[in-house]
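K.L.:
Let's see this in three dimensions:
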Amino acid sequence: MTLPYVLRLADDAIIIGHRLSEWCGHGPILEQDIALSNAALDHLGRARSLYQYAAELFNNMPEAEKKEVFTSVSLQNLVNAGSSLDEDNLAYLRDGWDFKNVLLVEQPNIDWAYTVARGLFFDAFNYFYFSALTKSTDTTLAAIAEKSLKEVTYHLRWSSEWVIRLGDGTDESHAKMQKAIDEMWMYTGELFTPVAYETAMQQQGQAPDLKLIQQQWMERITTVCNEATITLPAGTWMQQGGKEGRHSEHLGYILTELQFMQRVYPGMAW
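P.N.:
Here you go, the predicted structure:
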């Protein structure tokens, strides 16, 4: 169960990184334009480490099992040819239904408030999740989590400050921030709803307890939103499916951009 779990973490990182990179050159002020570009690079760096580990896990699998992992024709051809996979193959050649990222990270930016709201929800989750993952019995995952903590701590501080700034600002900024929180809320439940491979990893001491993470997350989100004078939604119905390869239409557009060059010019290198 380790491979799908590692891919899930990697996919979360690369997709949110791509979303944040869309602000490059479009931020409201230069300082925040650069801040989001740097955050995107942080996520990309974590994605690389996780994809490298995922490729190592895949390459060590029995040959018969490798053919059952991915649906992508491009990857199937590499596997059938006896080739080893690398981080680039996993990022650029998998099809949408092979991606396991949560639905939250693929949602469009729409405006600054939506980006900030999505950031608060995901950054708070990452902070508590990677803090717990440092205690994983999988030493590679623990090391990646340890390396990521400084970055995710900064991400959470940044998104928290912006939610407070907009929520407790003008009437217009408050209304936009409240609307963004309301509409992004239904994507947060999936963060804490384990699928089979996550449950297996937790039982082996390799992944954190999502119930504990949810308690810590809720406390932080409540604190930030109270300071921002934002009311948390009362609804409990949540979107889910991303962790098992069922995505919104937005992921297809992301992958069209992300994978374009490798799809059109296979094997191209700078």
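K.L.:
what's the burial count for Q206?
P.N.:
Around Q206 there are 19 other residues, counting by other C-beta atoms under 10 Å. The C-beta positions use only the backbone N, C-alpha and C, and glycine is treated the same way.
K.L.:
give the contact list for it.
P.N.:
Going by C-beta atoms under 8 Å, 6 or more residues apart in numbering, Q206 touches T2, Y5, S136, T137, D138, L141.
K.L.:
Spatially nearest residue to it (excluding sequence neighbours)?
P.N.:
Of all residues not flanking Q206 in the chain, D138 sits nearest, at 4.5 Å (C-beta to C-beta, 6 or more residues apart in numbering).
K.L.:
so Q52 sits right up against E87, yeah?
P.N.:
Yes: taking contacts as C-beta atoms under 8 Å, Q52 lies within contact range of E87: 4.9 Å.
K.L.:
Let me see the ranges of the helices in this structure.
P.N.:
Taking DSSP state H, the helices of the chain run over residues 2-21, 30-59, 63-66, 73-80, 87-92, 103-106, 112-133, 139-167, 171-184, 196-203, 210-227, 249-258, 260-264.
K.L.:
Which one, of those, ends up nearest to P233?
P.N.:
Counting by C-beta to C-beta, P233 lies closest to helix 171-184 out of the helices of the chain; the figure is 5.2 Å.
K.L.:
in the closest one, what counts as buried?
P.N.:
H174, K176, M177, Q178, A180, I181, E183, M184 (16 or more other C-beta atoms under 10 Å).
K.L.:
How about stretch 95-113?
P.N.:
Applying a neighbour-count criterion of 16+ other C-beta under 10 Å, the buried positions in stretch 95-113 are 95-96, 98-107, 109, 112-113.
K.L.:
can you check stretch 240-258 too?
P.N.:
Judged by neighbour count (16+ other C-beta under 10 Å), stretch 240-258 contains these buried residues: Q240, G242, K243, G245, H247, L251, I254, L255, L258.
K.L.:
What distance separates the opening and closing residues of that stretch?
P.N.:
One end of stretch 240-258 to the other measures 23 Å (C-alpha to C-alpha, to the nearest Å).
K.L.:
got it, and stretch 22-32?
P.N.:
Span of stretch 22-32 from end to end, C-alpha to C-alpha: 13 Å.
K.L.:
do the same with stretch 191-208
P.N.:
Chord length of stretch 191-208, first to last residue, is 12 Å (C-alpha to C-alpha).
K.L.:
how far out from the middle of the chain is that stretch?
P.N.:
Its chain's C-alpha centre and that of stretch 191-208 lie 16 Å apart, by C-alpha atoms, centre = their mean, to the nearest Å.
K.L.:
That one - what's its average pLDDT?
P.N.:
Averaged across stretch 191-208, the pLDDT comes to 95.
K.L.:
Taking the centroid of the protein, which residue is nearest it?
P.N.:
Nearest residue to the geometric centre of the chain (C-alpha atoms, centre = their mean): D12, 2.2 Å.
K.L.:
ok, for it, nearest residue in space, not its chain neighbours?
P.N.:
That would be N101: by C-beta to C-beta, 6+ apart, it lies 4.7 Å from D12.
K.L.:
Cross-check the contact I'm expecting between that neighbour and R8.
P.N.:
Yes: N101 lies in contact with R8 (C-beta under 8 Å); the separation is 6.9 Å.
K.L.:
between these two, what contacts are shared?
P.N.:
Jointly contacting N101 and R8 under the rule C-beta under 8 Å, 6+ apart are K243.
K.L.:
neighbours around the closest residue to Y92 other than its chain neighbours, how many?
P.N.:
Take Y92 and drop its neighbours on the chain: the residue closest to it by C-beta to C-beta, 6+ apart is Q262, 3.9 Å away. Neighbour count for Q262, taken as other C-beta under 10 Å: 17.
K.L.:
Might one say that Q262 is in contact with L90?
P.N.:
No: checked against C-beta under 8 Å, the pair Q262 and L90 is beyond contact range at 11.4 Å.
K.L.:
what's the burial count for the closest residue to D182 other than its chain neighbours?
P.N.:
Leaving aside its sequence neighbours, D182 sits nearest to P233 (C-beta to C-beta, 6+ apart; 5.2 Å). When counting by other C-beta under 10 Å, one arrives at 14 neighbours for P233.
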